[in-house]
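A.B. asks: One predicted model, sequence on top.
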Amino acid sequence: MQNATAMIDMEGSRAMAAFRQFAEGFGRPVTQDAGGLTVTLMRGTLSVSPKGAGSTIRIETPDDAALQFIRDMLVDRLGEMGLSPDWQDDLTGKRPGNQSLTEVVSVARLSPSYMRVEIEGPDLARFATGGLHFRLLFGPEGAAWPVMDAKGATDWPGGMKAWHRPIYTTRAITTKGAAARIAFDVFRHDGGRVTDWCDRASPGDEMAITGPGGSALPDPVGWHGLVGDETAMPVMARILEAMPQDARGQAVLFVPDAADRQEIRHPSGVDLRWVLRGGDETPLDALKTLDWPDSDRRVFFAAEKSEAVAARAYLPEAGLVKGEYMAAAYWTTDQG
């Protein structure tokens, strides 16, 4: 377990009331006793207790990555209240706990529309569990990698908005102690910053990543339904390959070119269908072809934002309940 403690200049009862309101706004469980208030987060806890004229805040998480995520969130929340945390430890200039420096091992063209990149680093083993995704960091020209500031938050040179932080899926990972090698696939598109980086990258180049983040592998159920567009193919492949051999279901994956179809290990009871772009069928159309059972089921849909919104409306209308489906937006056509 990892933990961090800070003082804030807010009286205890006021601080607890503020954090209760914050937690309830996000639907997070809260417990309170004579010693203070504790908020249960996705990957840790945040506790607030009176201390003299102020309050003590304590974060407890399973690892450094989760600790940094909560610390960044906390600093943002305190800033909204006009407060700044005074951490027990001096964190200025240290590398954020969710950031790792990696080295490019290889960049190869998989097919007309996809590249495969391999990176390795001494502390990447954490990406083998938890969230399936990570972010690549592309900063302003000449910028150093982010470090922590005196508040314990990530200090982004030039400001966070100046950084491009695209999300990718850990397609495969090989660990050796704390070190690991990660493979991820990039969907090529004209003008894409990561596409351009892939065309220039060479073995030995340095790249920073943050994470892991996002959802983990879904819990095993009797029947799985997967529908994904071109950008979702890597995560769908990861999920298919991790399914138990007795799993049943249907998967529909869209690709731009017949040569983009990959050999993906999957249970014999899961029907995998490839759809080529350019025809009449859309990911939403494919979603409506799934024939799920009455129970013990889960559907995962990932595509463009407007399609994901439509899928979120359709799936409950079709009889699925919360916890039985997820519809994720992997990109957007909205340029506004």
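C.D. replies: Received it, and whenever you're ready, just let me know what you need.
A.B. asks: quick one: the strands in the stretch 101-250 of the chain?
C.D. replies: Remark: strands assigned in the stretch 101-250 of the chain by DSSP state E, counting those that start in this stretch are 114-121, 133-136, 147-148, 154-155, 167-169, 172-176, 179-187, 206-213, 223-228, 248-255.
A.B. asks: Next, format these as JSON lines and append mean neighbour count.
C.D. replies: From N, CA and C alone the C-beta is placed, and that goes for glycine too. Below are the strands of the stretch 101-250 of the chain laid out as JSON lines (neighbours: other CB atoms under 10 Å):
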{"stretch": "strand 114-121", "mean neighbour count": "20"}
{"stretch": "strand 133-136", "mean neighbour count": "22"}
{"stretch": "strand 147-148", "mean neighbour count": "20"}
{"stretch": "strand 154-155", "mean neighbour count": "19"}
{"stretch": "strand 167-169", "mean neighbour count": "20"}
{"stretch": "strand 172-176", "mean neighbour count": "15"}
{"stretch": "strand 179-187", "mean neighbour count": "21"}
{"stretch": "strand 206-213", "mean neighbour count": "19"}
{"stretch": "strand 223-228", "mean neighbour count": "25"}
{"stretch": "strand 248-255", "mean neighbour count": "22"}
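A.B. asks: can you tell me which of those comes nearest to V321?
C.D. replies: strand 223-228 (14.4 Å; CB to CB).
A.B. asks: how about stretch 326-336: buried residues?
C.D. replies: M326, A327, A328, A329, Y330, W331 (16 or more other CB atoms under 10 Å).
A.B. asks: same check, this time on stretch 264-284
C.D. replies: Neighbour-count burial for stretch 264-284 flags I264, H266, P267, V270, L272, V275, T282, P283, L284 (criterion: 16+ other CB under 10 Å).
A.B. asks: mind checking the end-to-end distance for it?
C.D. replies: Distance across stretch 264-284, first residue to last, is 23 Å (CA to CA, to the nearest Å).
A.B. asks: neighbouring contacts of it?
C.D. replies: 224, 227-230, 237, 240-241, 243-258, 261, 286, 301, 303-304, 307, 310-311, 314 (CB atoms under 8 Å, 6 or more residues apart in numbering).
A.B. asks: Stretch 326-336 now?
C.D. replies: 215, 229, 231-232, 298-309, 311-312, 315.
A.B. asks: filter those residues to the buried ones?
C.D. replies: Buried members of the contacts of stretch 326-336, counted by 16+ other CB under 10 Å: 229, 231-232, 298-304, 307-308, 311, 315.
A.B. asks: How many neighbouring residues does W87 have?
C.D. replies: 18 (other CB atoms under 10 Å).
A.B. asks: That one reaches N3, doesn't it?
C.D. replies: No. In this structure, W87 is not within contact of N3 by CB atoms under 8 Å, at 11.5 Å.
A.B. asks: returning to what we had before: out of the buried ones among the contacts of stretch 326-336, give me the two with the largest separation.
C.D. replies: R298 and E304 (21.6 Å).
A.B. asks: any residues touching stretch 300-315, and which ones?
C.D. replies: For stretch 300-315, using CB under 8 Å, 6+ apart, the contacting residues are 218, 224-229, 231-232, 235-236, 239, 282-284, 287-288, 299, 324-334.
A.B. asks: Likewise for stretch 53-61?
C.D. replies: With CB under 8 Å, 6+ apart, stretch 53-61 has contacts from 1-12, 15-16, 36, 43-50, 67, 70-71, 74, 85.
A.B. asks: Sitting in helices, which of these do you find?
C.D. replies: By the criterion of DSSP state H, membership of the contacts of stretch 53-61 in helices covers G12, A15, M16, L67, I70, R71, L74.
A.B. asks: Distance to V147, neighbour count and pLDDT added to those, as JSON lines?
C.D. replies: Shown next, in JSON lines, are the ones in helices among the contacts of stretch 53-61 (distance: CB to CB, whole Å; neighbours: other CB atoms under 10 Å; pLDDT from 0 to 100):
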{"residue": "G12", "distance to V147": "32", "neighbour count": "18", "pLDDT": "94"}
{"residue": "A15", "distance to V147": "28", "neighbour count": "25", "pLDDT": "94"}
{"residue": "M16", "distance to V147": "32", "neighbour count": "21", "pLDDT": "95"}
{"residue": "L67", "distance to V147": "15", "neighbour count": "23", "pLDDT": "93"}
{"residue": "I70", "distance to V147": "18", "neighbour count": "21", "pLDDT": "92"}
{"residue": "R71", "distance to V147": "13", "neighbour count": "27", "pLDDT": "91"}
{"residue": "L74", "distance to V147": "18", "neighbour count": "22", "pLDDT": "92"}
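A.B. asks: Now the two most distant members of these.
C.D. replies: It's G12 and L67 that sit farthest apart of the ones in helices among the contacts of stretch 53-61, by CB to CB, at 23.3 Å.
A.B. asks: List the contacts of W145.
C.D. replies: R95, Q99, L101, L137, G139, A208.
A.B. asks: Apply 10 Å and report the result again.
C.D. replies: Applying CB atoms under 10 Å, 6 or more residues apart in numbering, we find W145 in contact with R95, P96, Q99, L101, L137, G139, W156, P157, E206, M207, A208.
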